[in-house]
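Participant: Predicted model, plus sequence, below.
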Amino acid sequence: KDGRKPANPAFWWVNGKGEEVKWSFEEFGSLSKKTANVLSEACGLQRGDRIVAILPRVPEWWLLNVACIRAGIVFFPGTSQLTAKDILYRLQASKAKCIVTNDTLAPAVESVLSGSKFLKSKLIVGQGSREGWLNFKELL
């Protein structure tokens, strides 16, 4: 009504159930900075460290991607269709210090953790908590 057009969202995500997340450029920037702080402080990652993200394309996937760019962390995306053997290979080959996944895929990750000597932190994206995992939403 004041003659200005509404700002276009920087990020607009809609799932199959019609739920949506819409962030302005300011919100997306702020959230990606907070995510970079979570990775640096809670997960103990530094510039050049590697992180493996095995998530479906949820909003947190994009936050992690941009946060890694901000913090100089190398982002290794993985499809949610990976088997435990595939996950272990990626952890060993990348020498990742952190892995991020959701509640559904966490058991597959846990089944191969003993084979990964570089992994220092595990971050879970979801509503619940899991023993030995940091909860992304709580930290954010």
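Facilitator: That came in fine, so what should we check first?

Participant: could you give the mean pLDDT of stretch 36-54?
Facilitator: What stretch 36-54 shows for mean pLDDT is 97.

Participant: what about the helices in the protein?
Facilitator: Using DSSP state H, the helices of the chain run over 25-37, 59-71, 84-94, 106-110, 136-139.

Participant: how about those in a markdown table, adding distance to Gly128 and mean neighbour count?
Facilitator: C-beta coordinates here come from the backbone N, C-alpha and C atoms, glycine included. A markdown table is the format used below for the helices of the chain (distance: least, CB to CB, whole Å; neighbours: other CB atoms under 10 Å):
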| stretch | distance to Gly128 | mean neighbour count |
| --- | --- | --- |
| helix 25-37 | 20 | 16 |
| helix 59-71 | 15 | 20 |
| helix 84-94 | 20 | 17 |
| helix 106-110 | 10 | 18 |
| helix 136-139 | 10 | 14 |
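
Participant: how about those, which one is nearest Leu123?
Facilitator: helix 136-139 (5.3 Å; CB to CB).

Participant: just to revisit the earlier point, Trp13: which of the helices of the chain is closest?
Facilitator: helix 59-71 (5.1 Å).

Participant: Against which helices or strands is that closest one packed?
Facilitator: Secondary-structure packing of helix 59-71 (3 or more CB pairs under 8 Å, 6 or more residues apart in numbering; DSSP states H and E): strand 11-14, helix 25-37, strand 50-54, strand 74-78.
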